[in-house]
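S.K.: got a sequence here, can you model it:
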Amino acid sequence: TQAVLTCVQTNTTVDAGRPAAFATNDFYVKDSTEMSLLFRAYPEAIENTVKIADMCEVEFDFDTQYLPKFPCPNSLSAEEYLRELTEKGFQARIARGHITFLEHTEQEYRARLEYELGVISEMGFADYFLIVQDYVNYAKSKDIPVGPGRGSGAGSLVAYALGITDVDSIRFDLLFERFLNPERVTMPDIDVDFCYNRRDEVIEYVTRKYGADHVSQIITFGTMAARASIRDVGRALGMSYADVDVVARAIPQELNMTIDHALTLPDLKKLYESSEQVRRLVDTARSLEGMPRNVSVHAAGVVITDKPISNYLPVALSNGTVVTQFDMDTVASLGLLKFDFLALRYLTILHDAEGMIRESEPNFDIEKLPLDDAETYALISSGKTSGIFQLESGGMRQMLSNLRPERRDCRHCALPPGTYGFHSHLY
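M.R.: Okay, here's the model as predicted:
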């Protein structure tokens, strides 16, 4: 099996001779008797292995959270600085006309802000909010398009006041508890969309601010799926493309399909039982199915740590990018916090459109567009929503044509909880 894997990696075949990585037959874990014979001239070497093992002690801590710290000015605590920025942001929203108190009173807004700030402080996530607002507002200051907010984070009024999101959670009746809940302690997770072409500038800013040894992107492992493992193993075994293709096509292209399940179906079962060559191919592929095939970089996740990241986990270089050697789930289990920097082409399109509109309407503000525009809903109801995020798939277009929404509440029913901020569907 290992020889076949090596052939897959090196694009060679097993009948071409012993793979370069297996020059001898000694690549296995030897027992103590074999090792004693090999090192009989140096008995102290065997003793030293025990001494070295006794000196090593590695423990993984899965109970502690290691949250990064934001450098607050004027010796303020993170909680104090968060409150200060929230108040400034709230007043700025009012001054720009984004909050008008027509439907809800100022008292309602302030009560919600106090509640959220209390929960954030109690759960120890003030630094998290400060870090996110810092790189979001940096992007905005550099005219890098930023999304209005998606997921449960859009339910935070504090995030709205800080400029992290552009969705008024009170106006749209969004629950903060879906994002943070003292009764269900989970790490905060605010997904932020950035311009597809300029997202890396924001990651570079974070790297400069906190230090290259405190920031890393996250590795992902591509695994050998059912069909792919058949094709890879077939090449390694030196089989013809045509013969391998017949076997691969006998595995249905369905979600979570496995070779074991495909063997219960008539097409693959017949091939398996009728040919020794196919049986060898399938059996070898079954042993490799699900194994890591390649590594890449997580599309959005970035880890920021309070101490050098190598204190917590190993890192590596992947095409010049520093990545963790543990995947996203293991990183979270070790108590490290992941920040999501998503790249979205739609933001670039919207940004360019805003620029063209401002050539004739200098005071145009995309956040002040009405949410009850009849022509917009007529367009949505017609199903002509290609190129509109979350609404462009064939199923969504068909559903919109049948539902024919006339107001925001109708579209809210049509979209799953936690989808992208309402504003983005209207542009």
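S.K.: contacting residues for Q91?
M.R.: Q91 is in contact with no residue at all, counting by Cβ atoms under 8 Å, 6 or more residues apart in numbering. Placement of C-beta: from N, CA and C, glycine included.
S.K.: element containing it, please.
M.R.: For Q91, the enclosing helix or strand under DSSP states H and E is helix 78-95.
S.K.: also Y138?
M.R.: Per DSSP H and E, Y138 falls inside helix 126-141.
S.K.: show me where the stretch 301-427 of the chain has strands.
M.R.: Under the criterion DSSP state E, counting those that start in this stretch, strands of the stretch 301-427 of the chain are mapped to 315-318, 321-324, 338-344.
S.K.: and the contacts of the longest one?
M.R.: Taking contacts as Cβ under 8 Å, 6+ apart, the residues outside strand 338-344 that touch it are 131-132, 147, 187, 189-196, 199, 202-203, 206, 218, 299-304, 328, 331-332, 389.
S.K.: which of those residues fall in helices?
M.R.: Taking DSSP state H as the definition of helices, the contacts of strand 338-344 contribute 131-132, 199, 202-203, 206, 328, 331-332.
S.K.: CSV for the residues you listed, including neighbour count?
M.R.: Output for the ones in helices among the contacts of strand 338-344, formatted as CSV (neighbours: other Cβ atoms under 10 Å):
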residue, neighbour count
I131, 22
V132, 22
R199, 21
V202, 22
I203, 17
V206, 19
M328, 16
V331, 23
A332, 20
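S.K.: show me which of the residues you listed is closest to A41.
M.R.: Closest approach between the ones in helices among the contacts of strand 338-344 and A41, by Cβ to Cβ: V331, at 45.2 Å.
S.K.: isn't the closest one up against Q217?
M.R.: No - proximity of V331 to Q217 does not meet the contact threshold set by Cβ atoms under 8 Å, at 10.7 Å.
S.K.: which neighbours do those two share?
M.R.: Contacts common to V331 and Q217, judged by Cβ under 8 Å, 6+ apart, are 301, 303, 324.
S.K.: where do the helices of the stretch 301-427 of the chain begin and end?
M.R.: Remark: helices of the stretch 301-427 of the chain, listed N- to C-terminal, are 328-333, 345-360, 374-381, 394-403, 408-414, 422-426; assignment by DSSP state H, counting those that start in this stretch.
S.K.: would you mind finding the most buried of these?
M.R.: Across the helices of the stretch 301-427 of the chain, averaging neighbours per residue (mean count of other Cβ atoms under 10 Å) puts helix 422-426 on top, at a mean of 21.
S.K.: next, the buried residues of stretch 228-238.
M.R.: 228-237 (16 or more other Cβ atoms under 10 Å).
S.K.: do stretch 131-145 as well
M.R.: Of the residues in stretch 131-145, 131-139, 144-145 count as buried by neighbour count, 16+ other Cβ under 10 Å.
S.K.: among the shared contacts of V331 and Q217, which one lies nearest to L82?
M.R.: Sorting these by distance to L82 puts V303 at the head of the list, at 21.7 Å, by Cβ to Cβ.
S.K.: roughly how far apart are that closest one and E359?
M.R.: When distances are taken as Cβ to Cβ, to the nearest Å, V303 and E359 turn out to be 41 Å apart.
S.K.: what do you get for V323?
M.R.: For V323, the distance to E359 - Cβ to Cβ - is 42 Å.
S.K.: what residue ranges in the stretch 251-400 of the chain score low on pLDDT?
M.R.: Counting by pLDDT under 70, not a single residue of the stretch 251-400 of the chain qualifies.
S.K.: do that again at 80, thanks
M.R.: When residues are selected by pLDDT under 80, those of the stretch 251-400 of the chain lie in 367, 389-390.
S.K.: any idea how far apart the tips of stretch 334-342 sit?
M.R.: Stretch 334-342 has its terminal residues 23 Å apart, counting by Cα to Cα, to the nearest Å.
S.K.: only the buried residues of it, if you could.
M.R.: Of the residues in stretch 334-342, those buried under the neighbour-count criterion (16+ other Cβ under 10 Å) are 334-342.
S.K.: before we move on, what about stretch 67-85?
M.R.: Within stretch 67-85, the residues that count as buried by 16+ other Cβ under 10 Å are 67-68, 70, 72, 78-79, 81-83, 85.
S.K.: now stretch 305-325
M.R.: Quick answer for stretch 305-325 (16+ other Cβ under 10 Å): 305-306, 309, 312-313, 315, 322-324.
S.K.: please identify which pair of the residues you listed lies farthest apart.
M.R.: Largest separation among the buried residues of stretch 305-325 by Cβ to Cβ: D306 and V323, giving 19.4 Å.
S.K.: hmm, back to that, can I get the strands of the stretch 301-427 of the chain in TSV with distance to S274?
M.R.: Rendered in TSV, the data for the strands of the stretch 301-427 of the chain read as follows (distance: least, Cβ to Cβ, whole Å):
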stretch	distance to S274
strand 315-318	43
strand 321-324	45
strand 338-344	48
